[in-house]
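*Asks:* I would like to see how this sequence folds:
(chains A, B, C and D)
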There are 4 protein chains.
Amino acid sequence: MIVVLKPKVSRKQETEVLKEIRRLGYKPHVIRGVERIVIGAIGDERTHQSLEVLTTWPQVEQVMPVQKRFKLVNREAHPDNSVITVRGNLIGGKKFQVMAGPCSVESETQLLTTAEAVQKAGATILRGGAFKPRTSPYEFQGLGEKGLKLLAKARRATGLAIITELLSEAHVDLVAEYTDIIQIGARNAQNFQLLIAAARTGKPILLKRGLSMKVEEWLLAGEYVLANGNSNLMFCERGIRTFETYTRNTLDLSTIPIVKKESHLPIVIDPSQGCGRADLVIASCKGAVAMGADALLIEVHPHPAEAWSDGAQQVSLGQFAQLMEELKPFIAAAGRE
Amino acid sequence: MIVVLKPKVSRKQETEVLKEIRRLGYKPHVIRGVERIVIGAIGDERTHQSLEVLTTWPQVEQVMPVQKRFKLVNREAHPDNSVITVRGNLIGGKKFQVMAGPCSVESETQLLTTAEAVQKAGATILRGGAFKPRTSPYEFQGLGEKGLKLLAKARRATGLAIITELLSEAHVDLVAEYTDIIQIGARNAQNFQLLIAAARTGKPILLKRGLSMKVEEWLLAGEYVLANGNSNLMFCERGIRTFETYTRNTLDLSTIPIVKKESHLPIVIDPSQGCGRADLVIASCKGAVAMGADALLIEVHPHPAEAWSDGAQQVSLGQFAQLMEELKPFIAAAGRE
Amino acid sequence: MIVVLKPKVSRKQETEVLKEIRRLGYKPHVIRGVERIVIGAIGDERTHQSLEVLTTWPQVEQVMPVQKRFKLVNREAHPDNSVITVRGNLIGGKKFQVMAGPCSVESETQLLTTAEAVQKAGATILRGGAFKPRTSPYEFQGLGEKGLKLLAKARRATGLAIITELLSEAHVDLVAEYTDIIQIGARNAQNFQLLIAAARTGKPILLKRGLSMKVEEWLLAGEYVLANGNSNLMFCERGIRTFETYTRNTLDLSTIPIVKKESHLPIVIDPSQGCGRADLVIASCKGAVAMGADALLIEVHPHPAEAWSDGAQQVSLGQFAQLMEELKPFIAAAGRE
Amino acid sequence: MIVVLKPKVSRKQETEVLKEIRRLGYKPHVIRGVERIVIGAIGDERTHQSLEVLTTWPQVEQVMPVQKRFKLVNREAHPDNSVITVRGNLIGGKKFQVMAGPCSVESETQLLTTAEAVQKAGATILRGGAFKPRTSPYEFQGLGEKGLKLLAKARRATGLAIITELLSEAHVDLVAEYTDIIQIGARNAQNFQLLIAAARTGKPILLKRGLSMKVEEWLLAGEYVLANGNSNLMFCERGIRTFETYTRNTLDLSTIPIVKKESHLPIVIDPSQGCGRADLVIASCKGAVAMGADALLIEVHPHPAEAWSDGAQQVSLGQFAQLMEELKPFIAAAGRE
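*Replies:* Sure thing, here's the model as predicted:
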């Protein structure tokens, strides 16, 4: 860590800081600059206590970490891309994957119709919410276990793998019994107890970025999964909260090259939540493919205007088929299959 | 709800929309404007499905809700201020309350020293984290049950009431057994299953605002508590995430008059998390008192520079005593005791 | 406009509002809802005073505009794409355009070397700052007129068109004399007097989005240009300010389909300012092409590490040539040339 | 500056960096850490070129500045508070000052009525916009010179000093002829040419914080004023742009202790722009006083609902008189007069 002292500190004040740095297990190294004294504190920042507490001292101006705080998700620890296998589908490899399906599972007809249509258009994984985190307690909260059973039925009928959201530690065993990928939603992205419980099932996990999560925090939330023995992790960007109100969120596609650079794990883009508007989803999917995403997660509904949740952002079956067709040249241009 | 059609829609397109509005249980009322047709859809928005799905229709430009989505926390439903009783201390009444204590419970000496000092300075409630949500899995995660037992010991020694954070559904019974107020942290503010579990204990709940939570979302998260049978709720502003990096968060003191206007429930300010710097805490406390807050939640530590978590934002025992002294004229000016 | 009254207003209070709506030139139309009275105010919102002042009235809950505030930049007013001609190059047509060059003009060698290299790689327009808006008064402020002369020299040598920034009303004639496109920077995006002065030169204008400008505000800033008689306007997204600190700004690529939908004018993407890091520029360019941008504006420098300003975000000549090569399949996939 | 190298760089790569640091005028100082090499570069960051360009080098991980970039506005350069004199009124001294008046000057009656009322209630400075920066070109743009003449008339009638906004370099002489304080608005806070022109008039300047301006950028914009020979500068917080939509902006009152700590110049709070709602202005004023602001800038209008601009945020004459009365105990509690 780097500790910057204020201008004109006394020798005594400097000595106190050096003593504290040593007490916390670091070896201090003093640089006398033009106006300020800068102290390099040598030691592993991840095994020692942070020196940031020193900012409470009157003679200290700032403390800056040097190391990255994440280890297991870090590409430095694993230079090759990690590839995750989900019922025979590889995520993070050469083949571009599409996960598609309704925001909420509503009925057998709705789900099976969608599953067959998205499979025919080229998707390999079926999404669908059985437990729904809703802003208001008066909104539809999902079909629960009945929804999970319908997902399993759709899997049997089509062979598609399943992804569904886990939003309570109390549901871990139940959800893990049915799903192929456990989705952790944006509102629970720093619900660390849920992450630990999900990790311990051993199932592949898709971790959405929280609404106002910095990249480092997102990677550290992923670190909770790997540190609990599960390396089958995918990151999923779904839009961050900004001042802009035209779109529901601001889809941050720069996370694709960033996650690829910082981590070895796959990156998935969810443009439905990001845009909050079906009419922007198609363009965003093209951008995600071009920028190197490993997969897309798209909300598709047979009749978006009748959806029980988030209808405004779901694309119809016809729009989805057309989208998959339009994506082909971009997938080829990106060197994917 | 208000449904605005695009310019130049055909009569047929208009009729389709009217039909759908009726199908969803609303009574449409057409206004023909200069450029656009506007439809007022009459019906209770909280008991019918939202019309926002209509934004997927090509002829619809926008859909605007008219009603407020929160009911039980709404001041319209309960015009008088709600007052919450915690071991004989009233929060939301004429007396201004101060909750103070360390970020994390670290040891018996640390906690008891702090408890006695904050009590002497005028605090009535002792805060202290036993379970800590930490950004990195490699940081100190709290003493757990041992921390809860130390809090109980400090309560016996001083008579102070206790507030501590709940961060897992699996800990609900344990935490409820020891604490007087259950704190829900910013990262769990939309962990609805945790809110429901906490509500059902019947204990008073302090709900922090999430890092990027709009006021309406915060009130709706509170609605989950009241809708599950617990009306002992306090809202707590602790700073939101913005582009500014000088402070850790931006403390939004305007939430004080806003929560007072929209809701009947008490509002508490946590300036420690908000500022992330002890040297700004004092000024923020004065502002909070002047703007009408019901209580403060302040991090206090006997030796901030040695704290096991968030040392930079904790004030020392001496600073706290001085702060309490300096607050007095502002509490009087605000018409509180 | 839509005026929503509070619950339980008296008949007298309602009548006062109706009277004021009529006084301001609108025709009121009352809808009695379940809890609230909603008033549709019929009249052209762009020629009458806004009714938003009514929110100061105690009986009024909210006032919502219905019309879009921008007219001339609105696609409703001009359904076809506008194409802008700059020295024979068409922007907004079938051909994809690339504007490239250094952040600042530093010397004849630096500029001519860059101009020849970017031309060879396929760029048609040369960018280069002669007047630089710098956060600190102690940073390099640009070569001024000398820089403009060097740009003109590079144009004569290569035939490339020129784009450079205008940042003072006092420089309008000077800059217009030399440049082919006037760039208005993000910090001046709502400097309306500068926009008016620039518009009146008749030169094509590239208007960058301000750091925290909503789409509607950006379109309205463009409206200042068209309303002052100049329809040769391009919008340029360069990243918005968010909480994320990994990148300098968050490049909002969703503005491409949004501007295409709302306006008839071309949209240009500047990934250099957006990412603030050369290593993310290549991926962002691919995303911009795939999502339908009309042109790119890229910072290129012969020796980025020696640049006098913003070196961290400039790509080298070799990187630029490679980028142009890698873009080809995406340009083809997007149906452009 | 601090330069952090990536893990595992070769000796050759390290030597290249050291050579470049020396070439740019700094003296490098190497610290070999556990995983990374950290280089302290000794030299005055304000007189040498920034080393941030090194982030383009493949072997460099990050570059961190150590010094503060602002000098003349820095409290280190001037430990005592600066006090600014405006027609005999001291801003930044023991007396708390209030600037009040309409958003826009509309007519002689409107202005004189307001001036007399705010003077009677205790204000010493009259605000009023003659040139208005408006989001849309179709909105009222101010009375221009006629407005300035009315302000001068109000000054003669009441003895109040005058503050009005300057928004064009072309108006500098005109505005300076009439006003006592030149206001630079949020949208022009980084219009550096305007700041320089305003500074050179020698008039006191009130610099509003830009909508998404970091504290450091705001102080550096102020540095442009002092570096151009004018030390009569006040900073004015008016709310920043965040994700919250309940209020027009988020008023960041923590800027009061921050500006007091970092700078010697006065800090003024404008709660009208910040809240965008008259009903929140009163509480915000109390908070600003309690937190140590030197002055308030408040929008007051005889008939807010009839105002030609921003009516929703202006308080009436009666509300203003009551506000001034309610502020008294807080001003006393803050140790001001």
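
*Asks:* does the residue lying closest to A:Thr113 once chain neighbours are set aside count as helix, strand or coil?
*Replies:* The spatial neighbour of A:Thr113 that comes closest, neighbours along the chain excluded (Cβ to Cβ, 6 or more residues apart in numbering or on different chains), is A:Pro302 at 5.0 Å. In short, each C-beta sits where N, CA and C put it, glycine included. Judged by DSSP: H, G, I helix; E, B strand; the rest coil, the three-state class of A:Pro302 is coil.

*Asks:* Give me the number of neighbouring residues for A:Pro302.
*Replies:* A total of 19 residues lie near A:Pro302 under the criterion other Cβ atoms under 10 Å in any protein chain shown.

*Asks:* From what I see, it and A:Thr114 are in contact.
*Replies:* Yes - look at A:Pro302 against A:Thr114 with Cβ atoms under 8 Å: they come within range, at 5.9 Å.

*Asks:* anything in contact with each of those two?
*Replies:* Counting by Cβ atoms under 8 Å, 6 or more residues apart in numbering or on different chains, the shared contacts of A:Pro302 and A:Thr114 are A:Leu317.

*Asks:* Format the CA atom coordinates belonging to the host helix or strand of A:Ala332 as CSV.
*Replies:* Following DSSP states H and E, one finds A:Ala332 within helix A:317-333. Listed in CSV are the C-alpha atoms of helix A:317-333, where the atom choice follows Å, rounded to 0.1, in the frame of the first residue of the first chain:
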residue,chain,number,x,y,z
LEU,A,317,-41.2,-15.2,-30.7
GLY,A,318,-41.1,-13.7,-34.2
GLN,A,319,-38.8,-10.9,-33.1
PHE,A,320,-36.5,-13.5,-31.5
ALA,A,321,-36.3,-15.7,-34.6
GLN,A,322,-35.4,-12.6,-36.6
LEU,A,323,-32.9,-11.5,-34.1
MET,A,324,-31.1,-14.8,-34.2
GLU,A,325,-31.0,-14.6,-37.9
GLU,A,326,-29.6,-11.1,-37.9
LEU,A,327,-26.9,-12.0,-35.3
LYS,A,328,-25.3,-14.7,-37.6
PRO,A,329,-23.0,-12.4,-39.6
PHE,A,330,-21.9,-10.7,-36.4
ILE,A,331,-21.1,-14.0,-34.7
ALA,A,332,-19.1,-15.0,-37.7
ALA,A,333,-17.3,-11.6,-37.8
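
*Asks:* Just the residues contacting it, thanks.
*Replies:* Outside of helix A:317-333, the residues within contact range by Cβ under 8 Å, 6+ apart are A:96, A:98, A:100, A:113-114, A:117-118, A:120-123, A:278, A:281-282, A:285-286, A:289-290, A:298, A:300, A:302, A:315, A:337, C:290, C:329-330, C:332-333.

*Asks:* Could you list which of the residues you listed belong to helices?
*Replies:* Judged by DSSP state H, the contacts of helix A:317-333 include A:113-114, A:117-118, A:120-121, A:278, A:281-282, A:285-286, A:289-290, C:290, C:329-330, C:332-333 as members of helices.

*Asks:* and the gap between A:Asn230 and A:Leu72?
*Replies:* A:Asn230 is 10 Å from A:Leu72, where distance means Cβ to Cβ, to the nearest Å.

*Asks:* now swap in A:Met234 and tell me
*Replies:* Applying Cβ to Cβ, the value for A:Met234 to A:Leu72 is 15 Å.

*Asks:* got it, and A:Gly142?
*Replies:* For A:Gly142 relative to A:Leu72 (Cβ to Cβ), the value is 32 Å.

*Asks:* Looking only at neighbour counts, state which of the two leads.
*Replies:* More neighbours surround A:Gly142 than the other of A:Gly142 and A:Leu72, with 24 against 19 (other Cβ under 10 Å).

*Asks:* just the helices in chain A please.
*Replies:* Going by DSSP H, chain A shows helices at A:11-23, A:108-121, A:145-158, A:172-178, A:192-200, A:215-227, A:255-262, A:271-275, A:278-290, A:317-333.

*Asks:* Now those in a markdown table, please, with extra columns for mean pLDDT and mean neighbour count.
*Replies:* What follows is the helices of chain A, written out as a markdown table (pLDDT from 0 to 100; neighbours: other Cβ atoms under 10 Å in any protein chain shown):
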| stretch | mean pLDDT | mean neighbour count |
| --- | --- | --- |
| helix A:11-23 | 90 | 15 |
| helix A:108-121 | 97 | 19 |
| helix A:145-158 | 98 | 18 |
| helix A:172-178 | 97 | 16 |
| helix A:192-200 | 97 | 23 |
| helix A:215-227 | 97 | 24 |
| helix A:255-262 | 96 | 23 |
| helix A:271-275 | 77 | 27 |
| helix A:278-290 | 92 | 26 |
| helix A:317-333 | 96 | 18 |
